[in-house]
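[1] Structure here, sequence nowhere to be found:
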């Protein structure tokens, strides 16, 4: 992977393919490997950029006081460094919230948004008591052995029908989490309330959710869909939170159809 430095943070990223730029933003406790089921497919028609967010994978840890807008600044620096022109942003879970925050701060940069299993920040989509419990649990877990963290998160990421090799791939990624990076990301997302940006979105937006998602249930999806003008909501049956890994063929087809339709205009 290549690296750039933003302030004191080193950010690892990979580029693949040619065509319009498409940036993939992973969720919490994961890294760029989360897109293993998408890279080969999407890079046939797009120049795909995957990063390890600050505090994840091969990137260095940010200060634990990092806000979601600090993550957005790092993403803006990466986009500028690679001289991307109007990239499509595709974000899953935390990555979806990051895409929304990025649009709030840099509305003229993205060409489209694909929000997968996304929230308007935890504070913007979940009851305060749920946010407090998730944050408290996450901070405690950050001090636990990797196998404890893996078992806790896997319980709400997949459905019972998910192939074992898919679960193992994700478990291997989560087991390499950065404790400090995990705390920074959880605190940033717990504080984030992006509801006010939803009605201001003026670019094509696709929402993709699994219908058995325990972490960002369909009422979260419907709230975003109702608030974002002209957004399109796709619900994939039988899939959970990591819908891109659990139903990759359907997910890839829906995303490619959406992105191709934009490129034709």
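    Perfect, thanks for sending it. Keep in mind it's a predicted model, so treat the numbers as computed, not measured.
[2] residues in contact with residue 248?
    By Cβ atoms under 8 Å, 6 or more residues apart in numbering, residue 248 lies in contact with 37-38. Using the backbone N, CA and C atoms, a C-beta is placed for each residue, glycine as well.
[3] Next one: it relative to residue 138, how far apart?
    To residue 138, residue 248 is 27 Å away according to Cβ to Cβ, to the nearest Å.
[4] again with residue 163
    According to Cβ to Cβ, residue 163 and residue 138 sit 27 Å apart.
[5] The two: which is more packed in?
    residue 138 (21 against 11; other Cβ atoms under 10 Å).
[6] so that one is in which element?
    helix 128-141 (DSSP states H and E).
[7] Name the residues of that helix that are buried.
    131, 134-135, 138, 141 (16 or more other Cβ atoms under 10 Å).
[8] now, the most widely separated pair of those residues?
    Based on Cβ to Cβ, the longest span within the buried residues of helix 128-141 runs between 131 and 141 and measures 15.6 Å.
[9] which SS class is residue 11?
    strand (DSSP: H, G, I helix; E, B strand; the rest coil).
[10] OK, contacts around it?
    Per Cβ under 8 Å, 6+ apart, neighbours of residue 11: 3-5, 51-54, 59-60, 74, 77-78.
[11] how far away is it from residue 60?
    Residue 11 is 8 Å from residue 60, where distance means Cβ to Cβ.
[12] Mind listing the shared neighbours of the two?
    residue 54.
[13] what sits up against stretch 138-154?
    29, 137, 167, 170-171, 174-177, 179-180, 182-183, 186.
[14] among these, which are in helices?
    137, 167, 170-171, 174, 179-180, 182-183, 186 (DSSP state H).
[15] circling back to that earlier point, now do the helix or strand that the helix holding residue 138 is followed by: distance to the chain's middle.
    Counting by DSSP H and E, the next helix or strand C-terminal to helix 128-141 is helix 146-157. Here helix 146-157 is found 18 Å from its chain centre; the criterion is Cα atoms, centre = their mean, to the nearest Å.
[16] Help me confirm that residue 90 is found in a strand?
    Yes. Under three-state DSSP, residue 90 sits within a strand.
[17] got a list of what it touches?
    22-25, 99, 113-114, 116, 255.
[18] now the strands for the chain?
    2-6, 9-16, 21-25, 47-52, 88-92, 112-116, 205-210, 232-236 (DSSP state E).
[19] what's the most buried one of these?
    Per residue and on average, the most neighbours among the strands of the chain fall to strand 88-92, with a mean of 27 (mean count of other Cβ atoms under 10 Å).
[20] any idea of the mean pLDDT in that one?
    On average, the pLDDT along strand 88-92 is 98.
[21] neighbours of residue 200, just the number please.
    Using other Cβ under 10 Å, the number of residues around residue 200 comes to 12.
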